[in-house]
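A.B. asks: let's see this in three dimensions:
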Amino acid sequence: MEGLVYKSTGSWYSVRDKDGDSWNARIKGKLKIDEEISSTNPIAVGDTVLFDVEDDRINTGIITAVADRHNYMVRVSPHNKNQKHIIAANIDLALLVTSIADPRTSTGFIDRFLLTAEAYHIPSIIVVNKLDLLKTKHRHILEHWREMYGKAGYEVYAVSATDPGSLTALQERIQNKTTLFSGHSGVGKSTLINQFIPGIAIKTKEVSGWSGKGQHTTTFAEMFDQKGGGKIIDTPGVKEFGLIDFQKEELSQYFPEMRAVLKHCKFNNCLHINEPGCAVKQGVIDKTISEDRYVSYVAILESIEKKW
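C.D. replies: Take a look at the predicted model:
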(Lines give C-alpha, C1' and ligand atoms only; values in the text may rest on other atoms or scores of the structure.)
Protein backbone atom coordinates (compact mmCIF):
# COMPACT_ATOMS: atom_id res chain seq x y z
CA MET A 1 0.00 0.00 0.00
CA GLU A 2 1.03 3.63 -0.48
CA GLY A 3 0.72 6.28 2.18
CA LEU A 4 1.88 9.68 3.37
CA VAL A 5 3.84 10.06 6.62
CA TYR A 6 2.04 12.45 8.98
CA LYS A 7 4.04 11.90 12.15
CA SER A 8 7.36 10.43 13.19
CA THR A 9 8.16 9.33 16.73
CA GLY A 10 11.56 7.89 15.95
CA SER A 11 10.60 4.23 15.67
CA TRP A 12 6.93 4.36 14.65
CA TYR A 13 5.34 6.44 11.92
CA SER A 14 1.76 7.57 11.48
CA VAL A 15 0.92 6.93 7.82
CA ARG A 16 -2.29 7.89 6.03
CA ASP A 17 -3.33 5.91 2.96
CA LYS A 18 -5.20 7.17 -0.12
CA ASP A 19 -8.54 6.38 1.51
CA GLY A 20 -7.70 8.58 4.49
CA ASP A 21 -7.20 5.69 6.91
CA SER A 22 -4.37 5.98 9.44
CA TRP A 23 -1.79 3.26 10.00
CA ASN A 24 0.95 2.83 12.59
CA ALA A 25 3.97 1.62 10.66
CA ARG A 26 7.57 0.79 11.43
CA ILE A 27 10.70 -0.08 9.48
CA LYS A 28 11.81 -3.67 9.26
CA GLY A 29 14.94 -4.90 7.53
CA LYS A 30 16.85 -2.95 4.89
CA LEU A 31 14.90 0.02 3.61
CA LYS A 32 15.11 1.04 -0.04
CA ILE A 33 16.22 4.66 0.20
CA ASP A 34 18.58 7.01 -1.59
CA GLU A 35 22.03 6.08 -0.25
CA GLU A 36 23.33 9.58 -1.03
CA ILE A 37 21.16 11.00 1.72
CA SER A 38 22.95 10.16 4.96
CA SER A 39 20.79 11.15 7.91
CA THR A 40 19.89 10.00 11.39
CA ASN A 41 16.32 9.43 10.26
CA PRO A 42 15.64 7.43 7.07
CA ILE A 43 11.99 8.53 6.97
CA ALA A 44 10.55 11.99 7.60
CA VAL A 45 7.16 13.65 7.82
CA GLY A 46 5.97 14.42 4.28
CA ASP A 47 7.50 11.29 2.78
CA THR A 48 5.43 9.06 0.53
CA VAL A 49 6.09 5.44 1.53
CA LEU A 50 5.16 1.94 0.50
CA PHE A 51 4.13 -0.42 3.30
CA ASP A 52 2.89 -3.95 3.80
CA VAL A 53 -0.09 -4.58 6.05
CA GLU A 54 1.01 -6.31 9.24
CA ASP A 55 -2.30 -6.47 11.10
CA ASP A 56 -5.40 -4.94 9.51
CA ARG A 57 -7.38 -5.34 12.74
CA ILE A 58 -5.30 -2.66 14.45
CA ASN A 59 -3.98 -0.98 11.29
CA THR A 60 -0.28 -1.69 11.66
CA GLY A 61 2.17 -2.00 8.81
CA ILE A 62 5.79 -2.46 7.77
CA ILE A 63 7.39 0.28 5.64
CA THR A 64 9.33 -1.24 2.75
CA ALA A 65 10.33 1.76 0.61
CA VAL A 66 10.39 5.55 0.44
CA ALA A 67 9.46 7.35 -2.78
CA ASP A 68 11.88 9.86 -4.31
CA ARG A 69 11.69 13.26 -2.61
CA HIS A 70 11.46 16.45 -4.65
CA ASN A 71 13.10 18.29 -1.73
CA TYR A 72 13.71 18.08 1.99
CA MET A 73 14.84 20.36 4.83
CA VAL A 74 17.69 19.42 7.15
CA ARG A 75 19.55 20.61 10.21
CA VAL A 76 22.39 19.20 12.27
CA SER A 77 21.23 16.16 14.19
CA PRO A 78 20.59 16.98 17.87
CA HIS A 79 22.20 13.62 18.72
CA ASN A 80 25.23 13.68 16.40
CA LYS A 81 26.87 16.95 15.28
CA ASN A 82 28.42 15.21 12.28
CA GLN A 83 25.16 13.93 10.84
CA LYS A 84 22.13 15.59 9.32
CA HIS A 85 18.57 15.22 10.50
CA ILE A 86 15.80 15.52 7.92
CA ILE A 87 13.15 17.82 9.41
CA ALA A 88 10.52 17.15 6.73
CA ALA A 89 10.24 16.24 3.05
CA ASN A 90 8.31 17.36 -0.04
CA ILE A 91 7.72 20.92 1.15
CA ASP A 92 6.20 23.78 -0.86
CA LEU A 93 7.05 26.54 1.59
CA ALA A 94 9.33 26.97 4.62
CA LEU A 95 7.89 29.41 7.16
CA LEU A 96 10.05 30.73 9.98
CA VAL A 97 8.15 32.11 12.97
CA THR A 98 10.17 34.78 14.77
CA SER A 99 9.63 37.40 17.44
CA ILE A 100 11.38 40.67 18.19
CA ALA A 101 10.36 40.73 21.82
CA ASP A 102 9.78 37.96 24.34
CA PRO A 103 11.92 36.14 23.16
CA ARG A 104 14.14 37.88 20.59
CA THR A 105 15.05 35.94 17.44
CA SER A 106 18.56 36.75 16.19
CA THR A 107 19.10 37.62 12.54
CA GLY A 108 21.92 35.07 12.55
CA PHE A 109 19.38 32.33 13.29
CA ILE A 110 17.06 33.68 10.60
CA ASP A 111 19.85 33.78 8.01
CA ARG A 112 20.93 30.21 8.75
CA PHE A 113 17.36 29.00 8.27
CA LEU A 114 16.93 30.96 5.03
CA LEU A 115 20.18 29.79 3.47
CA THR A 116 19.38 26.17 4.34
CA ALA A 117 16.01 26.52 2.62
CA GLU A 118 17.78 28.09 -0.39
CA ALA A 119 20.27 25.22 -0.54
CA TYR A 120 17.47 22.65 -0.59
CA HIS A 121 15.36 24.58 -3.12
CA ILE A 122 12.51 25.50 -0.79
CA PRO A 123 10.89 28.96 -1.01
CA SER A 124 10.76 30.58 2.43
CA ILE A 125 9.02 33.43 4.23
CA ILE A 126 9.51 35.16 7.57
CA VAL A 127 6.69 35.67 10.05
CA VAL A 128 7.20 38.16 12.89
CA ASN A 129 4.75 37.17 15.61
CA LYS A 130 3.58 39.04 18.73
CA LEU A 131 2.98 42.29 16.86
CA ASP A 132 0.78 43.41 19.77
CA LEU A 133 3.79 43.34 22.13
CA LEU A 134 6.04 45.57 20.06
CA LYS A 135 7.15 48.86 21.56
CA THR A 136 8.51 51.78 19.53
CA LYS A 137 12.09 50.46 19.58
CA HIS A 138 10.86 47.04 18.44
CA ARG A 139 8.92 48.56 15.56
CA HIS A 140 12.10 50.19 14.27
CA ILE A 141 13.67 46.73 14.22
CA LEU A 142 10.63 45.36 12.39
CA GLU A 143 10.96 48.03 9.68
CA HIS A 144 14.67 47.25 9.40
CA TRP A 145 13.87 43.55 8.93
CA ARG A 146 11.23 44.37 6.31
CA GLU A 147 13.73 46.43 4.34
CA MET A 148 16.68 44.07 4.76
CA TYR A 149 14.89 40.83 3.92
CA GLY A 150 12.65 42.48 1.35
CA LYS A 151 15.79 43.66 -0.46
CA ALA A 152 16.99 40.06 -0.43
CA GLY A 153 13.71 38.92 -1.98
CA TYR A 154 11.90 37.54 1.07
CA GLU A 155 8.36 38.22 2.23
CA VAL A 156 7.96 39.39 5.82
CA TYR A 157 4.58 39.07 7.55
CA ALA A 158 3.96 40.84 10.86
CA VAL A 159 1.15 39.18 12.80
CA SER A 160 -0.30 38.54 16.22
CA ALA A 161 -1.29 34.91 16.63
CA THR A 162 -3.99 35.94 19.09
CA ASP A 163 -5.57 38.35 16.55
CA PRO A 164 -7.22 36.41 13.70
CA GLY A 165 -7.67 39.64 11.75
CA SER A 166 -3.90 40.00 11.33
CA LEU A 167 -3.56 36.53 9.84
CA THR A 168 -5.66 36.90 6.67
CA ALA A 169 -2.82 37.60 4.23
CA LEU A 170 -0.63 34.88 5.72
CA GLN A 171 -3.44 32.34 5.63
CA GLU A 172 -3.97 33.06 1.93
CA ARG A 173 -0.22 32.67 1.33
CA ILE A 174 -0.09 29.14 2.78
CA GLN A 175 -3.42 27.91 1.41
CA ASN A 176 -3.13 24.78 -0.75
CA LYS A 177 0.56 24.39 0.10
CA THR A 178 2.52 22.01 2.29
CA THR A 179 4.15 24.48 4.67
CA LEU A 180 6.88 23.72 7.18
CA PHE A 181 6.59 25.81 10.37
CA SER A 182 9.85 26.32 12.29
CA GLY A 183 11.24 28.66 14.93
CA HIS A 184 12.58 29.01 18.45
CA SER A 185 10.47 27.68 21.31
CA GLY A 186 8.29 30.45 22.72
CA VAL A 187 7.79 32.50 19.54
CA GLY A 188 4.14 31.45 19.29
CA LYS A 189 4.39 28.85 16.56
CA SER A 190 1.90 26.48 18.18
CA THR A 191 -0.57 29.29 18.89
CA LEU A 192 -0.33 30.33 15.25
CA ILE A 193 -0.99 26.82 13.95
CA ASN A 194 -3.96 26.48 16.32
CA GLN A 195 -5.45 29.54 14.63
CA PHE A 196 -4.99 28.11 11.15
CA ILE A 197 -6.34 24.69 12.07
CA PRO A 198 -9.00 25.14 14.77
CA GLY A 199 -9.63 22.10 16.92
CA ILE A 200 -6.22 20.43 16.83
CA ALA A 201 -5.22 22.07 20.13
CA ILE A 202 -1.44 21.87 19.92
CA LYS A 203 -0.06 22.43 23.41
CA THR A 204 1.35 25.88 24.12
CA LYS A 205 3.47 27.17 27.00
CA GLU A 206 4.40 30.58 28.24
CA VAL A 207 7.90 31.92 27.82
CA SER A 208 10.00 31.03 30.86
CA GLY A 209 10.07 34.01 33.19
CA TRP A 210 13.57 33.46 34.59
CA SER A 211 15.33 32.84 31.26
CA GLY A 212 13.19 34.79 28.82
CA LYS A 213 13.30 31.74 26.55
CA GLY A 214 10.56 29.53 25.26
CA GLN A 215 9.90 26.04 26.50
CA HIS A 216 9.67 23.07 24.17
CA THR A 217 6.08 21.95 23.52
CA THR A 218 6.39 19.90 20.30
CA THR A 219 8.50 16.77 20.63
CA PHE A 220 8.16 15.29 17.13
CA ALA A 221 7.34 16.72 13.71
CA GLU A 222 3.69 16.27 12.75
CA MET A 223 1.62 17.22 9.70
CA PHE A 224 -1.95 18.53 9.80
CA ASP A 225 -4.50 19.10 7.03
CA GLN A 226 -5.78 22.61 6.48
CA LYS A 227 -9.45 23.16 5.87
CA GLY A 228 -9.88 24.11 2.23
CA GLY A 229 -6.60 22.56 1.13
CA GLY A 230 -2.96 22.45 2.09
CA LYS A 231 -0.99 21.02 4.99
CA ILE A 232 1.02 22.42 7.89
CA ILE A 233 4.04 20.59 9.30
CA ASP A 234 4.67 21.50 12.93
CA THR A 235 8.25 20.95 14.09
CA PRO A 236 9.95 21.00 17.50
CA GLY A 237 11.22 24.39 18.62
CA VAL A 238 14.96 24.74 18.05
CA LYS A 239 17.55 26.71 20.03
CA GLU A 240 20.08 26.78 17.20
CA PHE A 241 19.85 26.03 13.51
CA GLY A 242 23.06 24.10 12.88
CA LEU A 243 24.39 23.99 9.33
CA ILE A 244 25.84 20.86 7.80
CA ASP A 245 27.45 19.97 4.45
CA PHE A 246 28.08 23.56 3.38
CA GLN A 247 31.24 24.51 1.50
CA LYS A 248 32.62 28.00 2.02
CA GLU A 249 33.06 28.53 -1.74
CA GLU A 250 29.34 28.06 -2.37
CA LEU A 251 27.93 29.91 0.65
CA SER A 252 27.26 33.24 -1.12
CA GLN A 253 25.10 31.43 -3.69
CA TYR A 254 22.50 30.89 -0.99
CA PHE A 255 22.14 34.62 -0.27
CA PRO A 256 19.82 35.69 -3.15
CA GLU A 257 20.97 39.31 -3.15
CA MET A 258 24.59 38.16 -3.40
CA ARG A 259 23.84 35.49 -5.97
CA ALA A 260 22.45 38.19 -8.25
CA VAL A 261 25.86 39.91 -8.56
CA LEU A 262 28.36 37.03 -8.30
CA LYS A 263 29.05 37.01 -12.04
CA HIS A 264 30.44 40.54 -11.72
CA CYS A 265 33.15 39.54 -9.23
CA LYS A 266 36.64 39.69 -10.73
CA PHE A 267 37.50 36.18 -9.50
CA ASN A 268 35.32 33.09 -9.91
CA ASN A 269 36.37 31.76 -6.50
CA CYS A 270 35.80 35.08 -4.72
CA LEU A 271 34.89 34.68 -1.03
CA HIS A 272 33.99 38.39 -0.81
CA ILE A 273 36.40 39.15 2.02
CA ASN A 274 39.69 40.68 0.83
CA GLU A 275 39.56 40.09 -2.92
CA PRO A 276 39.80 43.07 -5.31
CA GLY A 277 36.97 43.70 -7.78
CA CYS A 278 34.36 42.09 -5.52
CA ALA A 279 30.79 42.85 -6.61
CA VAL A 280 29.34 41.74 -3.25
CA LYS A 281 31.45 44.20 -1.24
CA GLN A 282 30.58 46.90 -3.79
CA GLY A 283 26.91 46.05 -3.26
CA VAL A 284 27.35 46.63 0.48
CA ILE A 285 28.97 50.00 -0.25
CA ASP A 286 26.14 50.89 -2.66
CA LYS A 287 23.58 49.67 -0.07
CA THR A 288 21.99 47.23 -2.54
CA ILE A 289 23.16 44.48 -0.17
CA SER A 290 22.43 44.92 3.53
CA GLU A 291 25.49 45.38 5.73
CA ASP A 292 23.85 43.22 8.41
CA ARG A 293 23.33 40.39 5.92
CA TYR A 294 26.95 40.70 4.80
CA VAL A 295 28.15 40.56 8.43
CA SER A 296 26.00 37.46 8.90
CA TYR A 297 27.54 35.92 5.78
CA VAL A 298 31.07 36.55 7.11
CA ALA A 299 30.19 35.03 10.51
CA ILE A 300 28.76 31.90 8.88
CA LEU A 301 31.78 31.68 6.57
CA GLU A 302 34.12 31.84 9.56
CA SER A 303 32.14 29.13 11.36
CA ILE A 304 32.51 26.86 8.32
CA GLU A 305 36.26 27.53 8.13
CA LYS A 306 36.63 26.89 11.85
CA LYS A 307 34.80 23.59 11.53
CA TRP A 308 37.09 22.47 8.72
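A.B. asks: beta partners of the closest residue in space to residue 25 that isn't next to it in sequence?
C.D. replies: With Cβ to Cβ, 6 or more residues apart in numbering as the criterion, residue 25 has its nearest non-adjacent residue at 4.1 Å, and that residue is residue 61. C-betas here are computed from N, CA, C, even on glycine. Beta-bridge partners for residue 61, by DSSP bridges, are residue 25, residue 53.
A.B. asks: residue ranges of the strands in this structure, please?
C.D. replies: Applying DSSP state E to the chain gives strands spanning 2-8, 12-17, 22-32, 48-55, 60-66, 72-76, 84-89, 93-99, 124-129, 156-158, 178-182, 222-225, 231-234.
A.B. asks: got TSV for those strands, with distance to residue 282, mean pLDDT and mean neighbour count too?
C.D. replies: Listed next are these as TSV, based on distance: least, Cβ to Cβ, whole Å; pLDDT from 0 to 100; neighbours: other Cβ atoms under 10 Å:
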stretch	distance to residue 282	mean pLDDT	mean neighbour count
strand 2-8	46	95	20
strand 12-17	50	94	19
strand 22-32	49	80	15
strand 48-55	46	94	16
strand 60-66	46	93	18
strand 72-76	33	84	21
strand 84-89	35	88	24
strand 93-99	29	96	24
strand 124-129	26	97	23
strand 156-158	26	98	18
strand 178-182	33	96	25
strand 222-225	44	95	19
strand 231-234	40	96	24
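A.B. asks: could I get the ones you listed as a markdown table with distance to residue 262?
C.D. replies: Below are the strands of the chain laid out as a markdown table (distance: least, Cβ to Cβ, whole Å):
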| stretch | distance to residue 262 |
| --- | --- |
| strand 2-8 | 37 |
| strand 12-17 | 41 |
| strand 22-32 | 38 |
| strand 48-55 | 36 |
| strand 60-66 | 35 |
| strand 72-76 | 24 |
| strand 84-89 | 26 |
| strand 93-99 | 23 |
| strand 124-129 | 20 |
| strand 156-158 | 24 |
| strand 178-182 | 27 |
| strand 222-225 | 36 |
| strand 231-234 | 32 |
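A.B. asks: closest to residue 276 out of those strands?
C.D. replies: Residue 276 sits nearest to strand 124-129 of all those, at 33.2 Å, using Cβ to Cβ.
A.B. asks: how far off centre is the closest one?
C.D. replies: Between the centre of strand 124-129 and the centre of its host chain there is 10 Å, according to Cα atoms, centre = their mean, to the nearest Å.
A.B. asks: likewise stretch 225-239?
C.D. replies: 11 Å.
A.B. asks: just stretch 223-240 next, same as before
C.D. replies: Computed by Cα atoms, centre = their mean, the chain-centroid distance of stretch 223-240 equals 10 Å.
A.B. asks: before we move on, what about stretch 247-259?
C.D. replies: Using Cα atoms, centre = their mean, the offset of stretch 247-259 from its chain centre is 18 Å.
A.B. asks: list the buried residues in that stretch.
C.D. replies: 251, 252, 254, 255, 257, 258 (16 or more other Cβ atoms under 10 Å).
A.B. asks: check contacts around residue 16.
C.D. replies: 3, 4, 6, 22, 23 (Cβ atoms under 8 Å, 6 or more residues apart in numbering).
A.B. asks: output those as TSV; include the columns distance to residue 127.
C.D. replies: Below are these laid out as TSV (distance: Cβ to Cβ, whole Å):
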residue	distance to residue 127
3	30
4	25
6	23
22	29
23	33
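A.B. asks: quick one: least confident helix or strand in the chain?
C.D. replies: Least confident helix or strand of the chain, by mean pLDDT, DSSP states H and E, is strand 22-32 with a mean of 80.
A.B. asks: tell me the one of the contacts of residue 16 nearest residue 85?
C.D. replies: Looking across the contacts of residue 16 and measuring by Cβ to Cβ, the closest to residue 85 is residue 6, at 18.2 Å.
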